[in-house]
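J.: Fold the following and give me the result.
(2 chains)
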Amino acid sequence: MAHTGLEIDHVSKRYGDVIALRDMTFEVRPGELFGFVGSNGAGKTTTMRIALGVLSSDAGQVRWAGQPITLDTRRRIGYMPEERGLYPRMKVAEQLIYLARLHGLSTTAATRSVDAWLERLGVAGRRDDEVIKLSLGNQQRVQLAAALVHDPHILVLDEPFSGLDPVAVDVMSQVLLEKCAQGVPCVFSSHQLDLVERLCDRVGIVRAGHLVACGAIDELRAGGTEQLIVAAPDAPLGWADDLPGVTGSHRDGDTTVLELKPGADDQAVLRAALATGPVHEFARRRPSLTELFRNVVTEHTDTTVHEERAA
Amino acid sequence: MSAPQAAADLGNGAAIRLVAGRELSTRLRSKAFRIVTLVMVIIVVALCIVLKLISGTSSGSAVGYLPAEQAAAAALPAVAKSTGQTVHIQAVPDETTGKAQVRSGDLDALLTHDNGRLTVIVKKDIDAGLRSTMDQLAQQIVFDQQITQLGGNPAQVRDASSSATANVTALEKPFPYQSQQLILGIAAGILIYVSLLLHGQAVAQGVVEEKSSRVVELLLATIRPWQLMAGKVLGIGIVGLIQILVIAIAGVAAGLATKILTISASAAVGTVVWLVVWYLLGFFMYAVVLAGLGALVSRQEDVGSAVAPALVFLIVGYVLGVSILPGDPSNRLMEILSIIPAFAPTVMPMRLAMGGVPPWEAIVSVVLVAALIPLLIWLAARIYRNAVLRTGARVKLSQALRPA
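T.: Numbering: from 1, shown residues only, chains lettered A, B, ... in the order given. Just a heads-up that it's a prediction; the model follows:
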């Protein structure tokens, strides 16, 4: 298919004295699931709103397939705003058909697509109910349907998993992966980092309006410290502190967590552990996205922010 | 990937039609719309029937007379006619029967005499018109007696005096306002005021509904702010137009059917046409302003205070109109207000229905409002665009007017 990526190119935005975005730059490739993470107020929503043309940027460009994005190409985007919104007093199907038609679909195509998505998302039974009468979880499903009914060529979802029950999270994940498999570039923001880690091909970490890290999770891990989990109940305290390549350790019951320099020989550590007695567990642990996130964010944190945090 | 459904490009017209279509379909089906329309139709029709009943009783007074009063009673209808009254006379055999009929309401008055003076017996009090007729009759009887005593012929004197009238020459021809047209004018004023108020506020509430439910962000990802605003104003405008037409046609039909309205059909049609023209002008003028002002706030509770500055003009025009125009249709102040765009939509239709508006005034007021509308649309679109996505605290007008 002729899909090409969504490029956010040096986009900046300020509100008065507050810099909301500073040279925000990243690309979501076709068929790629891109996770957008960052603290509240870091600029995720602002970036997405600018991509959708709901906000105008002060500088920079948003491109799709190499062309600056226009209102007509924006209609091909499936969007889920952070602030969920549907007409509360409008019937589910009627509302979705209306939204699909605003995206340029004919009434018949819109109706067909709406029925298919309501079926898929398990809310077909609520087709003719007013949105306000639905449970929060079902309202979220309708909201997702609103982002999908026009068979979008790009997906931009702001916090799509927030407020979903576990079943809905699974449905949402499946839908996202499926859309990606069709070659659609998908970008979504989330605070549920384990989910992002599990689903995303690449991740962008944003802090204070700027992208501080971007890449596949493995790439982000590269160059960072590695951890070893060693369960050796008979080992004395501080048994591994003098081993080559070990930069730190802390003990939790029988288990010792060791920080290893990149490229350090873990087999030497295992031999040292066996020398103390039985070893019940010996595992290499790669830092989770949560830890990466914490590292990246604190690395770039200047002292003033530090003080604010401490306060 | 599944075959992408061709998402056709959405032109301005198509986008506005879609938005307006949603407003039309959801509002026309709403209970509120149906109830309001029905209640207003019922009020208008009931008003016609009530007016009919009231005017039915004043169509003439029934006066009974004793045989002795034959001569005086015979002169009564003619006297009544000269004072603008209608009196039917009816012979009564004796005073007891006559009094009984007055008491029962069959007769409005009984003519008798007491020591040569004309005496009228009524149930409680005498109608002012009938009283002056009776006074006139009493004077005429005395007059006739005097003329006869002086040797003259009362009939000749009456003929001579009745043909003698002062010759009046008017420098400007006054417009003959008819009470029917005054009523029509007031009805037109009330109808246009209620419609503008109701549907103008509906526009502001609709804007805030989209803002408070956050659906506006989803909408603005597909269409431009001005398209959304234009579609909303247009859709609600058509809803209001349908309502005002239903009520106006029901009112005119009821008026003609009950014969309350005896004006020509063309005059009735003219009133309705002017009503529609002024509703549309007034609606678009006020609605775009109200849409802009509504966009400043995020909660339905704040709509009232946000739109109040604009509604003041609507209310002032209407209140002055209904309180001054019926008593003084050619009032100078109202003539001036009816040309000023902010007041014209409420004042001008009242004046037009009452009649006697010089064509140039009607044309100038329409032209001024029509010229102002594009300017207001530009201004309101700017406020709307700048404010509609800012939820939370009320957006200051000065901020919203700043270039984006």
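J.: any weak-confidence spans in chain B?
T.: B:1-9, B:55-59, B:173-174, B:403-404 (pLDDT under 70).
J.: For the stretch 51-200 of chain A, which residue gets nearest to chain B?
T.: In the stretch 51-200 of chain A, the residue that lies nearest chain B is residue A:85 (3.0 Å; CB to the nearest CB). Glycine gets a C-beta too; all of them are placed from N, C-alpha and C.
J.: Could you report the pLDDT at that residue?
T.: For residue A:85, the model assigns a pLDDT of 83.
J.: Give me the neighbour count for the residue nearest to it when sequence neighbours are not counted.
T.: Take residue A:85 and drop its neighbours on the chain: the residue closest to it by CB to CB, 6 or more residues apart in numbering or on different chains is residue B:214, 3.0 Å away. Using other CB atoms under 10 Å in any protein chain shown, residue B:214 has 17 neighbouring residues.
J.: which residues of the stretch 201-311 of chain A fall in helices?
T.: Under the criterion DSSP state H, counting those that start in this stretch, helices of the stretch 201-311 of chain A are mapped to A:217-221, A:266-276, A:289-299, A:303-310.
J.: TSV for these, including mean neighbour count, mean pLDDT and distance to residue A:63?
T.: Shown next, in TSV, are the helices of the stretch 201-311 of chain A (neighbours: other CB atoms under 10 Å in any protein chain shown; pLDDT from 0 to 100; distance: least, CB to CB, whole Å):
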stretch	mean neighbour count	mean pLDDT	distance to residue A:63
helix A:217-221	16	78	23
helix A:266-276	15	85	45
helix A:289-299	17	75	26
helix A:303-310	9	39	32
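J.: My read is that the residue nearest to residue A:85 contacts residue A:84, right?
T.: Yes - applying CB atoms under 8 Å, one finds residue B:214 in contact with residue A:84, separated by 6.4 Å.
J.: Could you dump the helices of the stretch 201-311 of chain A into TSV with distance to residue B:44 added?
T.: Below are the helices of the stretch 201-311 of chain A laid out as TSV (distance: least, CB to CB, whole Å):
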stretch	distance to residue B:44
helix A:217-221	72
helix A:266-276	91
helix A:289-299	68
helix A:303-310	67
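J.: For residue B:27, find the nearest of these.
T.: Proximity to residue B:27 (CB to CB) singles out helix A:289-299 among these, at 48.4 Å.
J.: who's in contact with that closest one?
T.: Residues outside helix A:289-299 that contact it (CB atoms under 8 Å, 6 or more residues apart in numbering or on different chains) are A:37-39, A:193-194, A:196-197, A:203, A:205, A:207, A:212-213, A:217, A:220-221, A:224, A:287.
J.: filter those down to the ones close to chain B.
T.: Checking those against chain B by CB under 8 Å from any CB of the partner chain, not one of them is in range.
J.: The residues you listed in strands, which ones?
T.: Taking DSSP state E, the ones among the contacts of helix A:289-299 that sit in strands are A:37-38, A:203, A:205, A:207, A:212-213.
J.: Can you get me a residue count around the residue lying closest to residue B:220 once chain neighbours are set aside?
T.: Nearest non-adjacent residue to residue B:220, counting by CB to CB, 6+ apart: residue A:54, 5.1 Å away. By the criterion of other CB under 10 Å, residue A:54 has 20 neighbours.
J.: Let me know which of the helices of the stretch 201-311 of chain A is the nearest to residue B:187.
T.: Across those, residue B:187 has its closest neighbour in helix A:303-310 (66.8 Å, CB to CB).
J.: Low-confidence ranges, chain A, go.
T.: Low-confidence segments of chain A, defined by pLDDT under 70: A:1-3, A:223-225, A:299-311.
J.: near chain B, which residues of it show up?
T.: By CB under 8 Å from any CB, the residues of chain A that approach chain B are A:1, A:49, A:52-56, A:71-72, A:74-77, A:79, A:81, A:83-90, A:98-99, A:101-106, A:109, A:113, A:146, A:150-151, A:153, A:182-184.
J.: and the stretch 101-250 of chain B, which of its residues are near chain A?
T.: For the stretch 101-250 of chain B, the residues in contact with chain A (CB under 8 Å from any CB) are B:209-210, B:213-224.
J.: how about a cut-off of 6 Å?
T.: By the criterion of CB under 6 Å from any CB of the partner chain, the positions of the stretch 101-250 of chain B lying close to chain A are B:213-215, B:217-218, B:220-222.
J.: tell me which strands and helices whichever helix or strand residue B:111 is part of is in contact with?
T.: Assigned by DSSP states H and E, residue B:111 falls within strand B:109-114. Strand B:109-114 sits against strand B:61-65, strand B:117-121, with contacts defined as 3 or more CB pairs under 6 Å, 6 or more residues apart in numbering or on different chains; DSSP states H and E.
J.: ok, back up a step: for ChimeraX, write a command that selects the buried ones of the residues of chain A next to chain B.
T.: This is how ChimeraX selects the buried members of these, with burial counted by 16 or more other CB atoms under 10 Å in any protein chain shown:
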select /A:49,52,53,54,55,74,75,76,77,79,81,84,85,86,87,88,90,98,99,101,102,103,104,105,109,113,146,150,151,153,182,183,184
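J.: In strands only, show me the residues of chain A next to chain B.
T.: Here DSSP E is the test, and the residues of chain A next to chain B give A:77, A:79 as lying in strands.
J.: so of the residues of chain A next to chain B, which ones are in helices?
T.: Members of the residues of chain A next to chain B lying in helices (criterion: DSSP state H): A:49, A:71-72, A:74, A:98-99, A:101-102, A:109, A:113, A:146.
J.: And the furthest pair within the residues you listed?
T.: Greatest spacing in those, by CB to CB: A:49 and A:109 (27.6 Å).
J.: Secondary structure element holding residue B:254?
T.: Going by DSSP H and E, residue B:254 is part of helix B:225-257.
J.: Around residue B:370, how many other residues sit close by?
T.: Number of residues near residue B:370 (other CB under 10 Å) recorded here: 13.
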